[in-house]
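Student: Turn this into a model:
(one chain, ligands or ions: 1)
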Amino acid sequence: MNTAHREAILLTPGPLTTTLRTKVAMLRDWGSWDSDFIAVTARVRSALLDIINGQDSHVVVPLQGSGTFSVEAAVATVVPRDGHVLVLDNGAYCKRAARLSTLMGRKTTVAAFDEAQAISPQSLEAHLQADGSISHVVMIHCETGAGVHNPLHDIAEVCARHGRGLIVDAMSSFAALEIDARRIRFDALIAASGKCLEGVPGMGFVFLRREIVAACQGHSQSLAMDLHDQYVYMEKTGQWRFTPPTHVLVALDEAIRQFQEEGGQPARLARYESNYRTLIQGMAALGFKPFLDPTIQAPIIVTFHAPGDSRYEFKAFYQAAKRYGFILYPGKLTQIETFRVGCIGAIGPVEMEQAVQAVRLALRDLGIASGAPA
Ligand SMILES: Cc1ncc(COP(=O)(O)O)c(C=O)c1O
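Tutor: Below you'll find the model as predicted:
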């Protein structure tokens with residue numbers, strides 16, 4: 001398999017492989033205050049709201065930076081300084097959310113769950129009953145650390161019943177897993193350009209419930225991360241407050257056009273599920289074992305146990321797969337050795353079959369007979 005003639009395919013949860021159309025969209029410069037660019041900002045914001053059926057209930061505020069910038073901005077903007085955040089923690093991105101909430105001076109409590117399990121609405125119920133001071137709950141929809149699909153609908157229902165705010169990090173699920181703002185009540189939901197919309201990285205966006213926006217004024221202790229100010233300025237001028245990521249936005253605009261042409265969220269999910277099935281079947285034939293139970297596995301990123309063979313070492317395995325044109329991702333679990341393979345990006349089952357073939361050749365090059373764990 002000679003893949004030297006093409007760029008490597010990213011089997012990572014963002015940055016990910018984008019289409020040529022998306023890349024080509026970036027071959028032009030834009031004035032940030034120019035009416036053409038203002039029109040792109042407005043079009044992207046409207047299209048994002050359409051994806052969650054949120055035109056009536058929510059606004060969307062884009063923000064410069066990687067996804068974490070938007071998570072931090074959402075917590076800073078939505079949670080008052082004397083608020084109390086409960087983070088439902090079943091993985092690395094939950095821990096990051098708890099850390100940023102703590103660093104920003106918000107009282108933060110962590111409800112810990114096993115990273116091989118989904119977070120539990122019953123446990124949330126008990127926490128909220130026991131502590132009336134919890135003002136906001138933070139959850140991760142797809143915990144990209146292991147790949148768990150957390151029960152957004154049920155968690156939102158518990159929060160709504162108890163009258164507490166809900167902040168959802170939907171970074172790696174938005175546009176692939178269904179999120180319908182007409183059926184799920186949340187105060188803030190965060191995602192980014194370079195994930196399942198298949199744009200390039202460089203900006204995030206936060207959906208805010210219309211009813212809470214005005215009350216968010218003055219919450220943020222940061223100038224640059226204040227989504228309320230960004231929203232007010234954007235509504236007034238159509239412009240971003242500070243220098244926008246112009247090329248990232250026009251690439252996202254083009255990526256959204258392709259998302260719509262493909263058939264929107266249901267079609268994207270179907271393609272990722274097909275990628276996932278192809279991957280799982282192919283890897284099983286090589287002896288590999290997924291870390292998660294399939295019932296809680298999101299078709300976004302799959303964690304595999306490392307092969308038990310003593311010749312296995314991730315860096316060498318990674319380099320070997322890269323020689324065959326595929327970029328794998330290290331594991332993010334603390335206790336056991338794993339690696340991850342993303343199912344998202346502008347790729348289909350054919351590329352996933354090739355990815356499995358690349359893994360097969362990588363094992364052969366390392367002298368490893370089987371991917372079976374110890
Ligand atoms: C669940 C989740 N939250 C947040 C992030 C944001 O990470 P970053 O700031 O590196 O874009 C990611 C990135 O993969 C993610 O998967």
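
Student: contacting residues for Val85?
Tutor: By Cβ atoms under 8 Å, 6 or more residues apart in numbering, the contact set of Val85 is 75, 79, 98, 101, 106-109, 134-138, 167. Every residue, glycine included, has its C-beta placed from N, CA and C.

Student: Swap in 10 Å and give it another go.
Tutor: Val85 makes contact with 75, 78-79, 97-98, 100-102, 104, 106-110, 134-138, 165, 167, according to Cβ atoms under 10 Å, 6 or more residues apart in numbering.

Student: where does it sit relative to Phe113, distance-wise?
Tutor: Separation of Val85 from Phe113 (Cβ to Cβ, to the nearest Å): 16 Å.

Student: Now Leu166, what are its backbone angles?
Tutor: According to degrees, to the nearest 10, the main-chain angles of Leu166 amount to phi -130, psi 130.

Student: And it, how far from Ala146?
Tutor: From Leu166 across to Ala146, the span is 22 Å (Cβ to Cβ).

Student: do the same with Arg311
Tutor: Distance, Arg311 to Ala146, using Cβ to Cβ: 25 Å.

Student: Which of the contacts of Val85 fall in strands?
Tutor: Using DSSP state E, the members of the contacts of Val85 that fall in strands are 107-110, 136-138, 165, 167.

Student: In PyMOL, how would I select just the buried ones from these?
Tutor: Applying 16 or more other Cβ atoms under 10 Å to the ones in strands among the contacts of Val85, the buried members can be selected in PyMOL as follows:
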select buried, resi 107+108+110+136+137+138+165+167
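
Student: mind listing the helices for the chain?
Tutor: Ranges of helices within the chain are 20-24, 35-51, 67-78, 92-103, 121-130, 152-162, 210-213, 227-237, 246-262, 264-285, 314-323, 349-365, based on DSSP state H.

Student: near the ligand, which residues of the protein?
Tutor: With Cβ under 6 Å from any ligand atom as the criterion, the chain meets the ligand at residues 13-14, 66-68, 71, 93, 140, 144, 169, 171-172, 192.

Student: Now render these as JSON lines, adding pLDDT and distance to Asp253.
Tutor: As requested, the residues of the chain next to the ligand are exported to JSON lines (pLDDT from 0 to 100; distance: Cβ to Cβ, whole Å):
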{"residue": "Pro13", "pLDDT": "89", "distance to Asp253": "22"}
{"residue": "Gly14", "pLDDT": "87", "distance to Asp253": "18"}
{"residue": "Ser66", "pLDDT": "98", "distance to Asp253": "19"}
{"residue": "Gly67", "pLDDT": "98", "distance to Asp253": "19"}
{"residue": "Thr68", "pLDDT": "98", "distance to Asp253": "23"}
{"residue": "Val71", "pLDDT": "98", "distance to Asp253": "23"}
{"residue": "Tyr93", "pLDDT": "97", "distance to Asp253": "27"}
{"residue": "Ile140", "pLDDT": "98", "distance to Asp253": "27"}
{"residue": "Thr144", "pLDDT": "96", "distance to Asp253": "25"}
{"residue": "Asp169", "pLDDT": "98", "distance to Asp253": "24"}
{"residue": "Met171", "pLDDT": "98", "distance to Asp253": "20"}
{"residue": "Ser172", "pLDDT": "98", "distance to Asp253": "21"}
{"residue": "Ala192", "pLDDT": "98", "distance to Asp253": "15"}
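
Student: and of these, the nearest to Leu49?
Tutor: Minimum distance to Leu49 across those is 16.0 Å, recorded for Ala192 (Cβ to Cβ).

Student: And for the closest one, the neighbour number?
Tutor: Residues lying near Ala192 (other Cβ atoms under 10 Å) number 30.

Student: wait, what's in contact with it?
Tutor: With Cβ under 10 Å, 6+ apart, Ala192 has these contacts: 14, 62-63, 65-71, 170-172, 174, 199, 201-206, 248, 252.

Student: hang on, Asn275 packs against Val356?
Tutor: No: using Cβ atoms under 10 Å, Asn275 makes no contact with Val356, being 11.0 Å away.

Student: So which of those two has more stuff around it?
Tutor: Remark: of Asn275 and Val356, Asn275 carries more neighbours, 27 against 21, as counted by other Cβ under 10 Å.

Student: Which pLDDT does the model give the nearest residue in space to that one that is not next to it in sequence?
Tutor: Among residues not flanking Asn275 along the chain, Cys343 sits closest, at 4.1 Å (Cβ to Cβ, 6 or more residues apart in numbering). Here the pLDDT value assigned to Cys343 is 98.

Student: pLDDT wise, what is the residue of the stretch 201-350 of the chain found nearest the ligand at?
Tutor: Residue of the stretch 201-350 of the chain nearest the ligand, by Cβ to the nearest ligand atom: Pro201 (6.5 Å). The score at Pro201 is 98. That number is its pLDDT.

Student: do Ala4 as well
Tutor: Looking at Ala4, the pLDDT reads 57.

Student: Please apply the same query to the one 5 residues further on.
Tutor: Ile9 is assigned 97 on the pLDDT scale.

Student: can you tell me which residues contact it?
Tutor: Going by Cβ under 10 Å, 6+ apart, Ile9 touches 3, 16-17, 324-327, 342, 345-347, 351-352, 354-355, 358.

Student: Show me this protein divided up by domain.
Tutor: Here the domain parsing of the chain from automatic domain parsing is 9-16+264-365, 20-261.

Student: okay, how far is it across the longest one, tip to tip?
Tutor: It stands for domain 20-261. 15 Å (Cα to Cα, to the nearest Å).

Student: Equivalent analysis for the shortest one, please.
Tutor: With Cα to Cα applied, domain 9-16+264-365 spans 20 Å between its terminal residues.

Student: again, but for stretch 298-311
Tutor: Counting by Cα to Cα, you get 30 Å between the two ends of stretch 298-311.
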